[in-house]
Each structure stands twice: as C-alpha cells, then as structure tokens.
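Undergrad: Fold the following, please.
(2 chains)
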Amino acid sequence: GQQLNQSPQSMFIQEGEDVSMNCTSSSIFNTWLWYKQDPGEGPVLLIALYKAGELTSNGRLTAQFGITRKDSFLNISASIPSDVGIYFCAGQLLEYGNKLVFGAGTILRVKS
Amino acid sequence: DAGITQSPRHKVTETGTPVTLRCHQTENHRYMYWYRQDPGHGLRLIHYSYGVKDTDKGEVSDGYSVSRSKTEDFLLTLESATSSQTSVYFCAISVQGNTEAFFGQGTRLTVV
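TA: Have a look, this model is predicted:
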C-alpha cells in the first residue's frame, strides 16, 4: 500500500513549548492536510495545503507543503494544554486518484 | 460542524452476523468515504463513493461492501462480521476528491 511516514509517533510537551511534526513519503503528493483528533471524536481539519512550497498558518499552527511534494510539516507554537490529542497528516497521491492516505498519527501529551 | 451523522455510534455484534453502518450528510457533497481506525495504523480507506451508485474500493475493502442510492446516504455493510473488523469506523465527505475531507464522529464496532 501507499507509504506515508509520520513522526514522531508521540511526544510530550510542556505548556509554552513549540512543537514540530512531519510526514514524508517516497511518492509525490498533490494535497497535504493536517487533522487533529480528540478522544471519542472524529478528526478535525486544521490546515489544507495545495501547492508545493506553500506555507499556511492557522492561529498558532503553521504547516508547509514540501518543495519536493514528498513531505510536509506542522508546527505548533507556544503550546497550551488543549493542544493534546492525535495529529494526523493526510495526502492525496498523484497516482492514487481521488483518495486520501493518512499517516499513523502523532500523539501529543502533556508532561506531568 | 459539517453535517455528517453516523449511526449507530456504538454497536456490539456476534461473529458471523451482518452489520450495516450508516452515514448521512446534509451538505450535498459528491464524495463520501468510509475509513477504519486502528491503533498504529491511522485511518485506512475501506471504500469510497464519487456519486450516486458510483463506488470504488480502498486499501482494506475485503469483507466490506457499500451502497449509495442517494446523495446523502452512504452505507457500509459487513456481510459476516469477524473479530478482525472490531474497530472505529469513520465516514467522511468532500466536495471534490482532492479537497478537504470532513469527518463524522465515528462508530465503535465490537465483534465478539
């Protein structure tokens, strides 16, 4: 199947820290999407990227569509407790038609 | 919130029984998807639809069938449920196949 590698798998944050996660693939993507999922809920769209090199912000979130079209990153600045959850990247593969492929997710937890 | 309703939200069924999950949308979006979510796998596409009576397989379609007789409804059927189909199932919709997908709240299915 299609390979979309998301890292890290999990991370701990302290309030106020910046957070970074990324997705990479050996395939070329047309679209990159970033979602957040809270427990018991469906994923909620955070940012959508459609062009190579595109850099888009949504409040404290910033995401970029890699110039090679094979990767994307998501940064969260000045994290707050409600940022905890699972973050997913998703991409539409050029050769996969109109279907989205998802990464395995990054679990964000708060350091105690 | 996108107008997506999944039913039931929770279901426990016995191995070998048929099960149908329903996704209903009020957005009149053309594309509808069924995903399953399992730990360590992210979201994997089961089937999708690009119009009434137009469906196609995803990466994990074995053991599942779908039907779309109306724009607003997309049904997922497990003809004979197995324990490996215990999962959380998400429906998603999108205007076009390569644009943002919006998710329902999920159905937790347990096959005993």
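Undergrad: Look up the closest residue to residue A:21, ignoring the ones flanking it.
TA: With Cβ to Cβ, 6 or more residues apart in numbering or on different chains as the criterion, residue A:21 has its nearest non-adjacent residue at 4.5 Å, and that residue is residue A:106. To be clear about C-beta, it is placed using only N, CA and C from the backbone, and glycine gets the same treatment.
Undergrad: That neighbour and chain B: what is the separation?
TA: Going from residue A:106 to chain B by Cβ to the nearest Cβ, to the nearest Å gives 10 Å.
Undergrad: residues touching that residue, list them.
TA: Shown in contact with residue A:106 (Cβ atoms under 8 Å, 6 or more residues apart in numbering or on different chains): A:6, A:7, A:8, A:9, A:10, A:11, A:21, A:86, A:87, A:88.
Undergrad: before we move on, what about residue B:40?
TA: residue A:104.
Undergrad: out of the contacts of residue A:106, which are buried?
TA: Applying 16 or more other Cβ atoms under 10 Å in any protein chain shown to those, the neighbour count classes A:6, A:11, A:21, A:86, A:87, A:88 as buried.
Undergrad: Tabulate these in CSV, adding columns for secondary structure and pLDDT.
TA: Formatted as CSV, the buried ones among the contacts of residue A:106 follow (DSSP: H, G, I helix; E, B strand; the rest coil; pLDDT from 0 to 100):
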residue, secondary structure, pLDDT
A:6, strand, 95
A:11, strand, 94
A:21, strand, 97
A:86, strand, 95
A:87, strand, 97
A:88, strand, 95
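Undergrad: out of those residues, which one sits closest to chain B?
TA: If you rank the buried ones among the contacts of residue A:106 by distance to chain B using Cβ to the nearest Cβ, residue A:88 comes first, at 6.0 Å.
Undergrad: Isn't the closest one up against residue B:42?
TA: Yes: the pair residue A:88 and residue B:42 passes the contact test of Cβ atoms under 8 Å, sitting 6.0 Å apart.
Undergrad: what touches both of those two?
TA: A:6, A:102, A:103, A:105.
Undergrad: Run through the residues of chain B sitting next to chain A.
TA: Contact residues, chain B versus chain A (Cβ under 8 Å from any Cβ of the partner chain): B:31, B:33, B:35, B:40-45, B:48, B:50, B:58-59, B:90, B:92, B:96-106.
Undergrad: Tell me which of those residues fall in strands.
TA: B:31, B:33, B:35, B:42-45, B:48, B:50, B:90, B:92, B:102-103 (DSSP state E).
Undergrad: Neighbours of residue B:83, how many?
TA: By other Cβ atoms under 10 Å in any protein chain shown, 9 other residues sit near residue B:83.
Undergrad: And it, how far from chain A?
TA: 22 Å.
Undergrad: ok, the closest residue to that residue other than its chain neighbours - contacts?
TA: Sequence neighbours aside, residue B:111 is the residue nearest to residue B:83 in space, at 5.1 Å (criterion: Cβ to Cβ, 6+ apart). When contacts are counted by Cβ under 8 Å, 6+ apart, residue B:111 touches B:12, B:13, B:14, B:15, B:19, B:81, B:82, B:83, B:84, B:85, B:86.
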